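Asker: The sequence and its predicted three-dimensional model are supplied below.
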Amino acid sequence: MVRLIFGGGAMRVYSFFAILLFCSRSIAAEAAEIRVVTSPGLSAVFKVLGPQFELATGNTLTFRYGLQAEQKQQIEAGDFDLAIVPSDVLDGAVKAGKIVVETRIPVARVDLGVGVRSGAAKPDLTSVDAFKRAMLAAKSVAYIADEPAGRQIASDFEKLGITEIMTARIKPQKTVPLVWKAVATGDAELGFGFASNILSVEGVELAGHFPTELQYFVEMTAGVGSAAQEADAAKAFIKYMRTPEAASVLKAKGLVPPAP
């Protein structure tokens, strides 16, 4: 009917749109949705790297952020393609058969920092003694106590001999956003958490890092799920996170990229 009413020109237009529709359907069919289990400390990084990867590949990324207990639950459920989590969590998943061991690779390292409300005076944290003085001068502090980093902080207080004093000043929080909300609103004078988190929160500034002697480093490691639906696309994102472009973003967001 189209040929009888509109002639050959219309037929060419019809053919063009038919080809365009076919191509778009082909692209949609090939595009993958990569389900990623990961840590809140990487959210600022993925806000930059995610769209760049999606634009370059046509694939989409769905990030599921959670603390370590949540990460373990999500990995155990098996409903994911890629995990980018602390190395001990990933290694446990490898032993449980939830991660393909050959795909395991480090992608970044994070460390503990101290956050203050934007515009507030920043304490001296350049040495163990200076850190101790800063803690004793703070009227209140906020962090997640029942996570590995929180247990390290408690150990640091014990090492410094200030556990009793600091216990009375701690305002424990259940989630990362609540830690920084407490700092931003002035409910807590200092907040403790991964430096990468602090740099991504409005109303909070990074005062400095924990001294080396008190530091807690976490290696963020990637691995493809053994039941992944989009294993190849997940591997491509891991490879992308190891590029020089990704390394620049990691550094800008307070993380240390792995050695080449």
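Answerer: The structure has been received and is ready for your questions. Numbers count the residues shown, from 1 in each chain.
Asker: Show the average pLDDT along the lengthiest strand in the chain.
Answerer: Across the chain, the longest stretch assigned as strand under DSSP state E is strand 105-117. Averaged across strand 105-117, pLDDT comes to 95.
Asker: And the next helix or strand past that strand?
Answerer: Where DSSP states H and E defines the elements, the next helix or strand beyond strand 105-117 is helix 128-137.
Asker: how near is the residue minimising distance to the centre of the chain to residue 213?
Answerer: In the chain, the residue lying closest to the centroid (C-alpha atoms, centre = their mean) is residue 42, at 1.6 Å. Distance of residue 42 to residue 213, computed by C-beta to C-beta, to the nearest Å: 26 Å. Heads up, the C-betas are built off the backbone N, CA and C, glycines and all.
Asker: One more: residue 181?
Answerer: 30 Å.
Asker: ok, these two, which is more surrounded?
Answerer: residue 181 (18 against 10; other C-beta atoms under 10 Å).
Asker: how about the more buried one, phi and psi?
Answerer: phi -70, psi -40 (degrees, to the nearest 10).
Asker: Run a quick neighbour tally on the nearest residue to it once chain neighbours are set aside.
Answerer: Nearest residue to residue 181, sequence neighbours excluded (C-beta to C-beta, 6 or more residues apart in numbering): residue 187, at 7.8 Å. A total of 15 residues lie near residue 187 under the criterion other C-beta under 10 Å.
Asker: which residues touch residue 187?
Answerer: 140, 142, 171, 181 (C-beta atoms under 8 Å, 6 or more residues apart in numbering).
Asker: Need the pLDDT of it.
Answerer: pLDDT, residue 187: 97.
Asker: Now do the SS call for the residue nearest to the centre of the chain.
Answerer: Following DSSP: H, G, I helix; E, B strand; the rest coil, residue 42 is assigned to helix.
Asker: What pLDDT is listed against it?
Answerer: Predicted confidence (pLDDT) for residue 42: 91.
Asker: wait, it sits on residue 84?
Answerer: Yes: Residue 42 is within contact range of residue 84, at 6.5 Å (criterion: C-beta atoms under 8 Å).
Asker: Can you check which residues contact both of these two?
Answerer: What both residue 42 and residue 84 touch, as defined by C-beta under 8 Å, 6+ apart, is the set residue 220.
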